[in-house]
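A.B. asks: Predicted coordinates and the sequence they were generated for:
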Amino acid sequence: MSITGNYDTDNIFAKILRGEMPCVKVFESDHILAFMDVFPQSEGHTLVIPKSPCRNILDAGAKDLGRLIGTTQTLARAIHSALKPDGIVVTQFNGAPAGQTVFHLHFHIIPRYDGKALGAHGGHMADPDDLKAVADRIIAAL
């Protein structure tokens, strides 16, 4: 399938947006949802998604993309303030060969800490209570 194939309304992020799957929310507006990654590569790993259905950056409308990157920056600043990482990785994948595993446009905000290796993408599922505690710290910094 091509990078800009049909949108799958049963992907996990679409289910989260419909309230069919839980998430630990960090931020929500009319157009954007941000939540903790349940398979964090680092403490504070946050996902930012548009509420509109699009597979990747190639499918996104300019207004949606502008809102998405603006919110990603706002959240990266809050994560930096709340968690004091030594650096922050912001990443986004387009198509399976590029590493995309959920086919709904999303940005990863991954705090990096000196001396701590990143966990494997999709590796260890975090405890929801631990995610909530970190989310609360980020929310307080927004």
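C.D. replies: Done, it's in.
A.B. asks: Same question for the one helix or strand A76 maps to: list its buried residues.
C.D. replies: Using DSSP states H and E, A76 sits in helix 62-83. Within helix 62-83, the residues that count as buried by 16 or more other C-beta atoms under 10 Å are 64, 67-69, 71-72, 75-76, 78-80, 82-83. In short, each C-beta sits where N, CA and C put it, glycine included.
A.B. asks: now for it, which elements pack on it?
C.D. replies: Using 3 or more C-beta pairs under 8 Å, 6 or more residues apart in numbering; DSSP states H and E, the elements in contact with helix 62-83 are strand 25-28, strand 32-36, strand 46-50, strand 87-91, strand 107-112, helix 128-141.
A.B. asks: Run through the chain and note the low-pLDDT ranges.
C.D. replies: Scanning the chain for pLDDT under 70 picks out the ranges 1-4.
A.B. asks: center of it - which residue?
C.D. replies: With the centre of the chain defined as its mean C-alpha position, the nearest residue by C-alpha atoms, centre = their mean is L47, 0.9 Å away.
A.B. asks: ok, H80 to H108 distance?
C.D. replies: 15 Å (C-beta to C-beta, to the nearest Å).
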